[in-house]
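**Student:** Test case, fold it:
(chains A and B)
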Amino acid sequence: MIGTILGVYEDEELLISALQKLQDEKIEISEVLTPYPVHEVFKIMKRKTRLPLATFLFCVLGVILTYLFLYWASVLSYPLIFGGKPLNSIPSFILICFVMMIFFGVFLSVIAFFVRSKLYPGKKAKIHYPRITDNAFVIMIDKKPEMSSNDIKQLNSILKDHGAVEVLEK
Amino acid sequence: MEENYSVSLTFKSIIQGSIILGVITFGLGLYFNTEKTWANFLLNNYYFISIVIGATFFLAIQYVTQSGWSAMFARIPHAIGMYMPLAAIILFLIFGMHSVYHWSIPGVAENNPGIEHKSSYLNIPFFFIRIVFFLALWIFMIRLLRKTSLKEDHASNLKYFYKSEYYSKIYIFILSISFSLLTFDLIMSIDVDWFSTIFAVKNFVSAFYHGVSVITLIVILLYRKGCFKDLNEAHLRYFSRYIFILGIIWAYLWFVQYLLIWFANIQEETIYYVIRTEGKLKIFFFLDIILNWAIPFSILLSARTNTNKLVLIIVCIILIIGQWLDLYFQIMPGSVGELNIGYIEIGLFAGFAGLFIFIVNRALTKIPLIPKNHPFLGESISSHLD
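**Tutor:** Below is the predicted model of the structure:
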């Protein structure tokens, strides 16, 4: 028996109470789909993100690469003194480094996010439940081979007890 | 909600000791090294005025934006504001004008075309009239805000809250003009040939920055004493966000002032940085940006460290030193010259800090620490991170 169970909710608080219950019963939740970000979901599922760290590293990379380029351009490749400034004039490099830091940070973060969540332009969206982009909150639980039909019935009843409008099996 | 605290006798005697130390140092310094003593007198006076301005500006901002999270801590800026009447000791500077301000020496302005056209604004009587006027204005506004907040404790409607908000708007308007002019008078006129149009903004942000860090430090120390039992991660994060963002603005303005002068390379302007980047002062030039920006920025960047109380205490102490260093860097090269930190610097700072702590402590123990009928009190107590 392989497939997924979908519990559909119409209220944020009901969703959170159901999540809490499932977490207490140590049932593995594969995905929670919400029409807008709900911070408690993050907290309850104990998910961690390393995206901020990645952004920080991209920014450092951006600063280093930009500085190397500026150094190459204004000291090695085309050394030209203007305005009495030294060739390697760090104060004026800071501005360009700063702007390029933002550029690298933003673009590489977005790309990292796309890679990590396996998205690409033109990918066909996988709709698990038609109302998910409108007003429905969905909890997805993967069925496992070792689950008996009794277990699944119990799961269904947990989802129903906490106010699920609908429980689907796929 | 009677949540007042008491301080130990040792603490009180340390405070009194440091005030006495300050007075003795002031006397000795005047006898042995008059010039340096007056420059330090100015530095410490300006230091604590700027902290009071920053803290009360923070309070006014909270009222104007109707921020919920900070309602619990409103009494701390109020208590810091009580120092303002004492800032009037800066008027003693009239006896030491010639040691600090080059332009005040008779005959200097007449022979120097760069200063002469400023002399209708920069002359000793008008200088002190302005200071008295600004101080009176600020004391009046701070008292008004405090009185309104105290009346709110016994009120049952929102009348006093709206009043506070209205007074805060006026206070912000007054501050933006008057504090800018005060920084011009007290600090920028030391290097009288030089001027920077971004100077007032930089010092205003600096005051706000360090005022907030003093508030944060007091909140955490009081929490350790058993007050503010509802202090949680959310409040700490809001405080560290304030410090973090103001650090970035401070560094931005510091850099903009430096970059423009460095890039334009006009003789009258660059001389300001030339004397500050030569010899021993070069260390201060870099320490200034490291203490006031690099360390707080890199420590508070991570979400794990910016809600840690010990980390915040360390950052606040670094910033308190940093503000002193920043002012030293701005005041001393123009008035005294060489970098030389001795007993005068330490003793006078100890004296003024003792006075400041004494006043704030007395003001905090006098009134209930948490405002009673503030409309956002519930929201403040139940603030949480999402």
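**Student:** Can you tell me which residues in chain A are near chain B?
**Tutor:** Residues of chain A lying close to chain B (C-beta under 8 Å from any C-beta of the partner chain) are A:39-40, A:52, A:56, A:83-85, A:91-92, A:94-95. The C-beta positions use only the backbone N, C-alpha and C, and glycine is treated the same way.
**Student:** Pull up the gap between the residue located most distally from the centre of chain B and B:F127, please.
**Tutor:** In chain B, the residue that sits farthest from the middle, by C-alpha atoms, centre = their mean, is B:N111; the gap is 36.0 Å. B:N111 sits 20 Å away from B:F127, going by C-beta to C-beta, to the nearest Å.
**Student:** follow-up on the earlier one: would you mind measuring from the residue farthest from the centre of chain B to chain A?
**Tutor:** 31 Å (C-beta to the nearest C-beta, to the nearest Å).
**Student:** Surely B:F195 forms part of a strand?
**Tutor:** No. Read with DSSP: H, G, I helix; E, B strand; the rest coil, B:F195 is coil and lies in no strand.
**Student:** if I read this right, it contacts B:M188, doesn't it?
**Tutor:** Yes. B:F195 is in contact with B:M188 according to C-beta atoms under 8 Å; the separation is 6.4 Å.
**Student:** Could you check which of these two is surrounded by more residues?
**Tutor:** More neighbours surround B:M188 than the other of B:F195 and B:M188, with 18 against 14 (other C-beta atoms under 10 Å in any protein chain shown).
**Student:** Phi and psi next, for that one.
**Tutor:** Here is the backbone geometry of B:M188 (degrees, to the nearest 10): phi -70, psi -30.
**Student:** Return the distance of the one helix or strand B:I218 maps to from the chain's centre.
**Tutor:** For B:I218, the host element (DSSP states H and E) is helix B:199-224. Offset of helix B:199-224 from its chain centre (C-alpha atoms, centre = their mean, to the nearest Å): 7 Å.
**Student:** Check which helices and strands that helix sits against.
**Tutor:** On a contact count with 3 or more C-beta pairs under 8 Å, 6 or more residues apart in numbering or on different chains; DSSP states H and E, helix B:199-224 meets helix B:34-64, helix B:75-81, helix B:159-186, helix B:233-264, helix B:309-335.
**Student:** change it to 10 Å
**Tutor:** Counting by 3 or more C-beta pairs under 10 Å, 6 or more residues apart in numbering or on different chains; DSSP states H and E, the packing neighbours recorded for helix B:199-224 are helix B:34-64, helix B:75-81, helix B:159-186, helix B:233-264, helix B:309-335, helix B:343-366.
**Student:** Compare the ones you listed and give me the one nearest chain A.
**Tutor:** The closest approach between chain A and any of the helices and strands packed on helix B:199-224, judged by C-beta to the nearest C-beta, belongs to helix B:233-264 at 5.3 Å.
**Student:** Is any residue of the closest one near chain A?
**Tutor:** Yes. Among the residues of helix B:233-264, B:252, B:255-256, B:258-259, B:262-264 lie within reach of chain A under C-beta under 10 Å from any C-beta of the partner chain.
**Student:** re the thing from before, what subset of the residues of chain A next to chain B is buried?
**Tutor:** Neighbour-count burial within the residues of chain A next to chain B applies to A:S92; the criterion is 16 or more other C-beta atoms under 10 Å in any protein chain shown.
**Student:** In helices, which of the residues of chain A next to chain B appear?
**Tutor:** The helices, defined by DSSP state H, take in A:39-40, A:52, A:56, A:91-92, A:94-95 from the residues of chain A next to chain B.
**Student:** Tell me which two of these sit farthest apart.
**Tutor:** A:E40 and A:S92 (47.4 Å; C-beta to C-beta).
**Student:** tell me which residues of stretch B:103-122 are tucked away?
**Tutor:** Under the neighbour-count rule (16+ other C-beta under 10 Å), stretch B:103-122 has B:103-104, B:108-109, B:112, B:115, B:118, B:122 buried.
**Student:** so what's residue 56 scoring on pLDDT?
**Tutor:** Going with chain A. A:F56 is assigned a predicted lDDT (pLDDT) of 93.
**Student:** meant chain B actually
**Tutor:** B:T56 carries a pLDDT value of 95.
**Student:** what helix or strand does A:S109 sit in?
**Tutor:** Per DSSP H and E: A:S109 is located in helix A:90-116.
**Student:** Quick check: which helices or strands does the helix or strand just after that helix pack against?
**Tutor:** As assigned by DSSP H and E, the chain's next helix or strand after helix A:90-116 is strand A:137-142. Strand A:137-142 makes packing contacts with strand A:4-9, helix A:12-24, strand A:31-33, helix A:149-161, strand A:166-169 when contacts are defined by 3+ C-beta pairs under 10 Å, 6+ apart.
**Student:** And the residue of chain A closest to chain B?
**Tutor:** Among all residues of chain A, A:H39 sits closest to chain B, at 4.1 Å; criterion: C-beta to the nearest C-beta.
**Student:** On the three-state scheme, B:L339 is what?
**Tutor:** Three-state call for B:L339 (three-state DSSP): coil.
**Student:** Skipping its backbone neighbours, what lies nearest it in space?
**Tutor:** Closest residue in space to B:L339, ignoring its immediate chain neighbours: B:K280 at 4.3 Å, by C-beta to C-beta, 6 or more residues apart in numbering or on different chains.
**Student:** What count of nearby residues applies to the one you found?
**Tutor:** B:K280 sits with 9 neighbouring residues when counted by other C-beta under 10 Å.
**Student:** Return the residues in contact with it.
**Tutor:** B:338-340 (C-beta atoms under 10 Å, 6 or more residues apart in numbering or on different chains).
**Student:** From B:G354, how far out is B:G29?
**Tutor:** 16 Å.
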